[in-house]
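[1] For reference, the sequence and a predicted model appear below.
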Amino acid sequence: MQLLKIIHDLLFPIKCLGCGKFQEFVCSFCFEKIELKKGFECAFCSSRTLNGEICPFCRNDSWLDYFWTAADYSNPLVKKMLWAYKYKFVRELRTPLSRLLLKFLEEKEKNKFVENHAGQLLLVPMPIHRLRLNWRSYNQSELIAQELAEKIKLEIAADVLLRVKNKKPQAEIKNKEERSANVEGIFYCPAPERVKNKIILLVDDVATTGSTLNQAAKILKQAGALKVIGLVVAKG
């Protein structure tokens, strides 16, 4: 096994996606240069909000209560990290991606919210369909959520929200209305008793129009969740 690792490292050397330095996928210097979101914004229209709440214009159609996003997808390094993590199967990137979420929570002082509501909070990763899980061999949001759960000492529940329909990936759909229709009925909560009266931190890697997060929040709220907070690495 050690020999195989040496051969793998020779053929596919680990180097920073930012500066090209060897031995790390994201070196500490490049990581610290990533700009976090300066403020909060609505998940749907991207208008500025005070604490991440859904704006008044989108609130009537929203099942999400809050939307917290750490960075912009337009950031070149963030984009490279997420692309390599999802499509190049670089699992190790779950660590810097979860660190981005942690850094965001600390900078925005949401870590205090987590501490104050720890007994009521439940970390739920956005699920993927079993066919995509078989193809990728891991759920990218779940790995990020696992690392984050360890750091902030929260209970994680990856089995309270399931994806039961395998629809066209949202990234391939440009029209906002088509995106919303594409996610209808794709989620199911098999254990409503576990989410009842809970505040859900719904973890995902990327959000665009917010349609997928909103559909997941709908199922969790209908199952009895008190509030649902979308927590994502980046917004496109």
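    That came in fine, so what should we check first?
[2] buried stuff in the helix or strand where residue 143 lies?
    Using DSSP states H and E, residue 143 sits in helix 140-152. Using 16 or more other Cβ atoms under 10 Å as the test for burial, helix 140-152 gives 140-149, 152. (C-beta placed from N, C-alpha, C; glycine too.)
[3] and after that helix, which helix or strand comes next?
    strand 162-163.
[4] Pull the residues that contact that following strand.
    Outside strand 162-163, the residues that touch it by Cβ atoms under 8 Å, 6 or more residues apart in numbering are 127-129, 186-190.
[5] can you rerun that using 7 Å?
    For strand 162-163, the surrounding residues in contact (Cβ atoms under 7 Å, 6 or more residues apart in numbering) are 127-129, 186-188, 190.
[6] remind me which residues of the chain are low pLDDT?
    Residues of the chain meeting the criterion pLDDT under 70: 1-12, 167-182.
[7] What are the boundaries of the strands in it?
    Using DSSP state E, the strands of the chain run over residues 40-41, 48-49, 66-72, 121-125, 162-163, 187-188, 199-207, 227-235.
[8] Make TSV out of the ones you listed and add mean neighbour count and distance to residue 91.
    Compiled in TSV, those are given as follows (neighbours: other Cβ atoms under 10 Å; distance: least, Cβ to Cβ, whole Å):
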stretch	mean neighbour count	distance to residue 91
strand 40-41	18	29
strand 48-49	14	33
strand 66-72	23	19
strand 121-125	22	14
strand 162-163	19	20
strand 187-188	17	24
strand 199-207	24	13
strand 227-235	24	15
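[9] With respect to residue 88, which of those lies nearest?
    With Cβ to Cβ as the measure, strand 199-207 is the member of the strands of the chain nearest residue 88 (13.7 Å).
[10] partners of that closest one in the sheet?
    Here strand 199-207 is paired, per DSSP bridges, with strand 121-125 (parallel), strand 227-235 (parallel).
[11] Residue 75 is nearest to which of these?
    strand 227-235 (7.4 Å).
[12] Could you pull up the contacting residues of the residue positioned nearest the centre of the chain?
    In the chain, the residue lying closest to the centroid (Cα atoms, centre = their mean) is residue 204, at 1.7 Å. Shown in contact with residue 204 (Cβ under 7 Å, 6+ apart): 126, 141, 213, 232.
[13] Identify the farthest-apart pair in these.
    Farthest-apart pair in the contacts of residue 204 is 141 and 213; separation 10.9 Å (Cβ to Cβ).
[14] Tell me which residues touch the residue lying closest to residue 197 once chain neighbours are set aside, please.
    In this structure, residue 197 finds its nearest non-sequential neighbour in residue 226, 5.2 Å apart by Cβ to Cβ, 6 or more residues apart in numbering. Counting by Cβ under 7 Å, 6+ apart, residue 226 makes contact with 197-199.
[15] what about 10 Å?
    Neighbouring residues of residue 226 by Cβ atoms under 10 Å, 6 or more residues apart in numbering: 65, 120, 195-200, 220.
[16] Mind splitting this protein into its structural domains?
    Residue ranges for the domains of the chain, per automatic domain parsing: 1-33, 37-235.
[17] which one of those is the most hemmed in?
    Highest mean neighbour count among the domains of the chain (mean count of other Cβ atoms under 10 Å): domain 37-235, with a mean of 18.
[18] Thanks again, I'm all set now.
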